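Colleague: sequence below, structure please.
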Amino acid sequence: MTIKTIITGATGMVGEGVLLECLNHPDVEQVLVINRRPGGMSHPKLREIIHADYFELASIEQHLVGYDACFFCLGVSSVGLDQAEYRHVTYDLTLNVAQTLAKANSGMTFCYVTGAGTDSSEKGRVAWARVKGAAENALIRLFRKSYMFRPGFMKATPGQKNIKSYYTWIAWLYPIGRVLYPSGFCTLQEVGRAMINAANKGYPKQILEVRDIVQLANV
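Modeller: Numbering: from 1, shown residues only. The predicted model follows:
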């Protein structure tokens, strides 16, 4: 079965890696990316909407109908933001997009990139982890088929352009970390394949740690 998917955050490192995997995967029929700025990529499967405000989706809502999945890779660092600001651009923004998509596509699979250390209890001492945990819990309630991805260190896909500057200095850690600490290291190709397989085949867990992501990628 082929799927049509929406990707957010495709101009970031994680979203670009997921997008490249989707464009190369035979099970993906069409990809719609919602970007704040042009992504600069062209492909027969690819459609792009330039839209600056994720809190105002009514004007593009008609273009969001008919999709099987959303791979939500949009996110910001908590560094430099107070808790209210971080919650607004993480929890509030994510839920606004998710609620719009749930209304437009009732059977949609929603894959959300959070991070290792996310706090499902919403009661821990780390503010960003509580906010991410609250977003995860809300998405699990909203979508029957939802999967929370908690990757650790992710190796970029060859050919990626949107790579954070510091990544060049730490990329050498990946082969060592994969051997010594496999539960903390995966590739963006594995993240992308795991999302596609989640939409097509499902997975028994809704919260996926690194080992789950690698396992699902190779189903």
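Colleague: how about Phe72, phi and psi?
Modeller: phi -90, psi 100 (degrees, to the nearest 10).
Colleague: what about stretch 43-51, average pLDDT?
Modeller: When pLDDT is averaged along stretch 43-51, the result is 98.
Colleague: OK, contacts around Gly184?
Modeller: 116, 152-153, 177, 210 (C-beta atoms under 8 Å, 6 or more residues apart in numbering). Every C-beta, even on glycine, is put in place using the N, C-alpha and C of the backbone.
Colleague: my read is that Leu23 contacts His43, right?
Modeller: Yes - using C-beta atoms under 8 Å, Leu23 makes contact with His43 at a distance of 5.0 Å.
Colleague: now do the shared contacts for the two.
Modeller: In contact with both Leu23 and His43: Val31, using C-beta under 8 Å, 6+ apart.
Colleague: between these two, which is the more surrounded one?
Modeller: Leu23 (15 against 12; other C-beta atoms under 10 Å).
Colleague: and the pLDDT for that one?
Modeller: 98.
Colleague: before we move on, what about Cys186?
Modeller: Cys186 is given a pLDDT of 96.
Colleague: run a quick neighbour tally on it.
Modeller: By other C-beta under 10 Å, the residues close to Cys186 number 26.
Colleague: residues contacting it?
Modeller: By C-beta under 8 Å, 6+ apart, the contact list for Cys186 reads 151-155, 210, 213-214, 217.
Colleague: what about it, is that helix, strand or coil?
Modeller: strand (DSSP: H, G, I helix; E, B strand; the rest coil).
Colleague: please report how far it lies from Gly107.
Modeller: Cys186 is 28 Å from Gly107, where distance means C-beta to C-beta, to the nearest Å.
Colleague: which elements pack onto the longest strand along the chain?
Modeller: Longest strand in the chain, counting residues (DSSP state E): strand 28-35. Strand 28-35 makes packing contacts with strand 3-8, helix 13-24, strand 46-50 when contacts are defined by 3 or more C-beta pairs under 8 Å, 6 or more residues apart in numbering; DSSP states H and E.
Colleague: list the buried residues in the longest one.
Modeller: For helix 13-24, a neighbour-count test (16 or more other C-beta atoms under 10 Å) marks 13-22 as buried.
Colleague: now swap in the last one and tell me
Modeller: By neighbour count, and taking 16+ other C-beta under 10 Å as the criterion, the buried residues in strand 46-50 are 46, 48.
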